[in-house]
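Visitor: Just need the structure, nothing else, for what follows:
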Amino acid sequence: MAATVSLIGSGLLVGVFYAISVTLDKEWVMADVDDTLLIALSFYPLAAIVFFPLYFTEYVTIPAAWKIAASVGVGISFFIPLYLYFRALRLDDASVISTMMRLIPVMTVIFTAVLLGQFLSLQSYFGIAFVLLGASLVAVDFTDLKNISISPGLGFTLATVIGYGLVNVSVEVILSHMELWNYLFWSNVGAAAVAIPILVVRESSRTILMDSLSGFDPALPRLLASKSAELAGLICYMYAVTLGPIGIVSTLSSIEPLFIILLITVWGWISGTGVKTRSRRVWGLRITAAVIVLAGVAFIHGTL
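Guide: Reported below is the predicted structural model:
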């Protein structure tokens, strides 16, 4: 029972932290930083700073070379869908992209079934179907029923979903051979060793750093705030994966769109910009889609 509560709690916290990170990226960071590659890579130096002290604890050991290589490889591979995700986020609202990203559990379940032979109950698959339906509702723009259009970020989002599905399977395999903190250390520090040189040579990252040193530039603290929330989400996610199937963990985090809608609404009130002048029909559809996603989570919750 305690393990089930921990699994559900940590899985839902993933959605909360990622909602904060996505909202900050879309409404705050992207207003100051045009370099999408920089936004995606900036996560890794922060992760390395947080996880490097683990090297001096009993939680980190030097495993077999193949485990280190696999951990670093998965850590680096996270960047590809992450970059594609930020490309999608520039093309459409965070509430739309985030809800479509809930297709990740669907893809994860498909890949774990095909590649790992890991099957869930029929009720779990009903939950996945609800998530798929909710994501589909926001992928299509019904503002003008005579000219229904597809989200401009759909292509990048689908590529992101496939990428994260494959990465999720890789994480599950590696965590069956390594302890959680050992994996987090090697994957993030190894990926940072690749990301930092790329950031150093990019003019945009040097400009942000120099502007921050010469005076107050909001870009750097905004990046730090967003990536801190993203890092907290990652830690909760990896912890949850150690407690239950990754397909369930990925779906539990589907609460993210509801929190994004709430955060964007609050942001509009604070900034005085409103909710981006969207019609009631559009926001009603997005809330409905998010509730359907949560219904899918409820189906899966009933199987635990």
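
Visitor: Just name whatever secondary elements the one helix or strand Tyr85 maps to is in contact with.
Guide: For Tyr85, the element it lies in under DSSP states H and E is helix 79-89. Under the contact definition 3 or more CB pairs under 8 Å, 6 or more residues apart in numbering; DSSP states H and E, helix 79-89 sits against helix 36-41, helix 94-100, helix 154-175. Using the backbone N, CA and C atoms, a C-beta is placed for each residue, glycine as well.

Visitor: can you list the residues that contact the last one?
Guide: Residues from elsewhere that reach helix 154-175 (CB atoms under 8 Å, 6 or more residues apart in numbering): 67, 70-71, 74, 77-78, 80-82, 84-85, 87-88, 91, 97, 100-101, 103-104, 106-108, 110-112, 115-116, 118, 139, 151, 183, 238, 241-242, 245-246, 250.

Visitor: Just the angle for it relative to helix 79-89, thanks.
Guide: Our comparison of helix 154-175 with helix 79-89, counting by axes from the mean of the first three to the mean of the last three CA atoms, to 10 degrees, yields an angle of 150 degrees.

Visitor: buried ones in the next helix or strand after helix 154-175?
Guide: Next along the chain after helix 154-175, taking DSSP H and E as the criterion, comes helix 180-201. If you call a residue buried by 16 or more other CB atoms under 10 Å, then helix 180-201 has these buried ones: 181-192, 195, 199.

Visitor: circling back: pick the most deeply packed of the helices and strands packed on helix 79-89.
Guide: Across those, the average number of neighbours (mean count of other CB atoms under 10 Å) peaks for helix 94-100, which reaches a mean of 29.

Visitor: Leu7: which of the helices and strands packed on helix 79-89 is closest?
Guide: In this view, these are compared for proximity to Leu7 by CB to CB, and helix 154-175 is the closest at 14.1 Å.

Visitor: Report the rounded mean pLDDT for the closest one.
Guide: If you average the pLDDT over helix 154-175, you get 87.

Visitor: Also stretch 86-102?
Guide: Across stretch 86-102, the per-residue pLDDT values average to 78.

Visitor: What is the end-to-end distance of that stretch?
Guide: Counting by CA to CA, to the nearest Å, the length from the leading to the trailing residue of stretch 86-102 is 15 Å.

Visitor: nearest to Ile8, of the helices and strands packed on helix 79-89?
Guide: Among the helices and strands packed on helix 79-89, helix 154-175 comes nearest to Ile8, with 18.3 Å by CB to CB.

Visitor: now the angle between helix 180-201 and that closest one, please.
Guide: Taking the same axes, to 10 degrees, helix 154-175 and helix 180-201 form an angle of 140 degrees between their directions.

Visitor: how far out from the middle of the chain is helix 154-175?
Guide: Average the C-alpha atoms of helix 154-175, do the same for its chain, and the two points are 11 Å apart (CA atoms, centre = their mean, to the nearest Å).

Visitor: got the CA positions of that helix in CSV?
Guide: What follows is the C-alpha trace of helix 154-175 in CSV, where atoms were taken according to Å, rounded to 0.1, in the frame of the first residue of the first chain:
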residue,chain,number,x,y,z
LEU,A,154,1.9,18.4,-34.4
GLY,A,155,4.8,17.1,-36.5
PHE,A,156,7.5,18.0,-33.9
THR,A,157,5.2,16.7,-31.1
LEU,A,158,4.7,13.3,-32.7
ALA,A,159,8.5,13.0,-33.3
THR,A,160,9.0,14.0,-29.6
VAL,A,161,6.5,11.3,-28.5
ILE,A,162,8.2,8.6,-30.5
GLY,A,163,11.6,9.7,-29.1
TYR,A,164,10.5,9.7,-25.5
GLY,A,165,8.8,6.4,-25.9
LEU,A,166,12.1,4.8,-27.0
VAL,A,167,14.0,6.6,-24.3
ASN,A,168,11.5,5.4,-21.6
VAL,A,169,12.1,1.8,-22.7
SER,A,170,15.8,2.3,-22.5
VAL,A,171,15.5,3.8,-19.0
GLU,A,172,13.5,0.8,-17.8
VAL,A,173,16.1,-1.6,-19.1
ILE,A,174,19.0,0.2,-17.5
LEU,A,175,17.3,0.6,-14.1
